[in-house]
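Chemist: sequence plus predicted model, see below.
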Amino acid sequence: MFSKPYISLLITTTVFGAARAWFRVPCTLPLVQERIDPIVQPGVSPSQHLHTVHGASNFVDDATYESLQASRCTSCQVLQDMSNYWVPTLYFHDKTNDTYELVPNGGLLVYYQNRGQGDVSNGGPGLKAFPAGFRMISGNPALRTKKPGEGSQAELAERAIGWSCLRYSVNKANYDGYQFSGRLIPFYFVVALVCINNPKRFNAHINMPACWDGKNLDSADHRSHVAFLSDLDNGACPSTHPVTTMMLFYEITWDVHNFADRWDVNNPNAWPFVYSTGDPTGYSSHGDFFSGWDVTALQNAIDHCNNPNDDTGSGDTEACSYLTVQSSATANNCKISPSVSEMTTGVLDALPGCNPLQFGPGDATIYTDSDCPGH
């Protein structure tokens, strides 16, 4: 049941000029969907908004590298990767009844890409594996509009968020893809005009930073210790962040077609999809990464599984002898129960937590349960 999203994502990436050297970490249906965040709100339960989580089974609010390494299973298919990956959950807002329903998640595919001037293929010293306990985020849950002109790294951070649609083509073996930058094309346009008609899937794209300061596993804002390549998916690292890592590229699949007959795609005022951050604009899309990698295995994969003369050069993860790939069926059996006792599925009167819809264009107010109006 997972092969179609994974194949289509690969085709989309190929069509739009993605990695020339890379491997994939496919993740099946979510490990869990709940309100905890061991990066932004470590030790806090519940956290501010609902996340869709993939990866290692020891996903808890106070997770550490050691605890992730001790996980009993992972919902992703590479066994040397006990990382967690998480994103805000997508909901359908039924405006007639003012209720919310969770949009089914069709899986996550993470591309590990050899990019930048630090890569050996570009004459650099070589990419470095993420050190034990490394964490980072890309995107901003408070954003409700684009903000050009704030500086090169700020602009890159905006362009790191995007969307695409995958269409099941009639009488074709593969899929047609449409890709849009979140900074250029509104969320509404992508889903309403491209994703809904015919059986299609909506994908959120997130580029992660690939430059590290070489010192800090995290930073106060969870961004300052990392930076984007100068061309986002290639180029140079800034002098402040001289260590080049692999560039992670998330593709998150949402089955928006399930709701195609419940709203008028030609009416912008009927727009029904919102993130769990209370965001109907799409600009708050973001991704979190807490590395649980076996550092030696990842470094070996970087150094040795990038051979243009064999299948490792075309992104075949199973061709890398340093990585063990489990089946999607086995990975999908890795599930945990939410630690937060609240309703997140079914028909809801409000988004989980204190997340009223905030349309912008100003940044959203980030409420917690304790300061929620009327709490």
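Modeler: Received the coordinates, thanks.
Chemist: which residue sits closest to residue 145, ignoring its sequence neighbours?
Modeler: residue 361 (4.0 Å; CB to CB, 6 or more residues apart in numbering). Yep, even glycine has a C-beta here, placed from its N, CA and C like the rest.
Chemist: and the one you found, helix, strand or coil?
Modeler: coil (DSSP: H, G, I helix; E, B strand; the rest coil).
Chemist: ok, it touching residue 143?
Modeler: No - Residue 361 is beyond contact range of residue 143, at 9.7 Å (criterion: CB atoms under 8 Å).
Chemist: ok, these two, which is more surrounded?
Modeler: residue 143 (25 against 11; other CB atoms under 10 Å).
Chemist: for that one, which non-adjacent residue is spatially closest?
Modeler: residue 283 (4.1 Å).
Chemist: and if you look at residue 342?
Modeler: Per CB to CB, 6+ apart, closest to residue 342 is residue 352, 5.7 Å.
Chemist: that neighbour: neighbour count?
Modeler: 24.
Chemist: so which helix or strand takes in it?
Modeler: Following DSSP states H and E, one finds residue 352 outside all helices and strands.
Chemist: the residue nearest to residue 108 when sequence neighbours are not counted pairs with what?
Modeler: Among residues not flanking residue 108 along the chain, residue 27 sits closest, at 4.2 Å (CB to CB, 6+ apart). Judged by DSSP bridges, the bridge partners of residue 27 are residue 76, residue 108.
Chemist: rewinding a little: find residues that contact each of residue 361 and residue 143.
Modeler: Shared contacts of residue 361 and residue 143 (CB atoms under 8 Å, 6 or more residues apart in numbering): none.
Chemist: got a list of what residue 219 touches?
Modeler: Counted by CB under 8 Å, 6+ apart, residue 219 has contacts 225, 226.
Chemist: quick check: it is in a helix.
Modeler: No - per three-state DSSP, residue 219 lies outside any helix segment and is coil.
Chemist: that one and residue 134, how far apart?
Modeler: 11 Å (CB to CB, to the nearest Å).
Chemist: same check, this time on residue 327
Modeler: 28 Å.
Chemist: circling back to that earlier point, what's the residue nearest to residue 145 sitting at in phi/psi?
Modeler: Backbone torsions for residue 361, taken as degrees, to the nearest 10, come to phi -80, psi -10.
Chemist: next one: the one 5 residues further on
Modeler: Here the main-chain torsion angles of residue 366 (degrees, to the nearest 10) amount to phi -90, psi 100.
Chemist: make sure it is actually in contact with residue 144.
Modeler: No - Residue 366 lies out of contact with residue 144 (CB under 8 Å); the separation is 11.9 Å.
Chemist: more crowded one of the two?
Modeler: Legend: neighbour count by other CB under 10 Å for residue 366 and residue 144, higher for residue 144 (21 against 15).
Chemist: does the more buried one sit in a helix, a strand or a coil?
Modeler: Once three-state DSSP is applied, residue 144 turns out coil.
Chemist: how far is stretch 27-46 from where the chain is centred?
Modeler: For stretch 27-46, the separation from the chain centroid amounts to 13 Å (computed by CA atoms, centre = their mean, to the nearest Å).
Chemist: same question for stretch 362-375.
Modeler: Worked out by CA atoms, centre = their mean, stretch 362-375 lies 24 Å from the chain centre.
Chemist: please renumber the chain so that the first residue is 8 from this point on.
Modeler: Renumbered: residue one is now 8, and that last one reads stretch 369-382.
Chemist: list the contacts of that stretch.
Modeler: By CB under 8 Å, 6+ apart, stretch 369-382 touches 53, 55, 148-151, 284-286, 291, 360-363, 365.
Chemist: ditto for stretch 228-245
Modeler: Contacts for stretch 228-245 (CB under 8 Å, 6+ apart): 25, 46-47, 120, 122-125, 142-145, 159-160, 163-164, 166-167, 214-220, 222-226, 247-248, 250-251, 254, 256.
Chemist: among those residues, the buried ones, what's the ChimeraX command?
Modeler: In ChimeraX, a selection of the buried entries from the contacts of stretch 228-245 looks like this (16 or more other CB atoms under 10 Å):
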select :25,46,47,120,122,123,125,142,143,144,145,160,163,164,166,167,214,215,216,217,218,219,220,225,248,250,251,254,256
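Chemist: fine, thanks again, bye for now.
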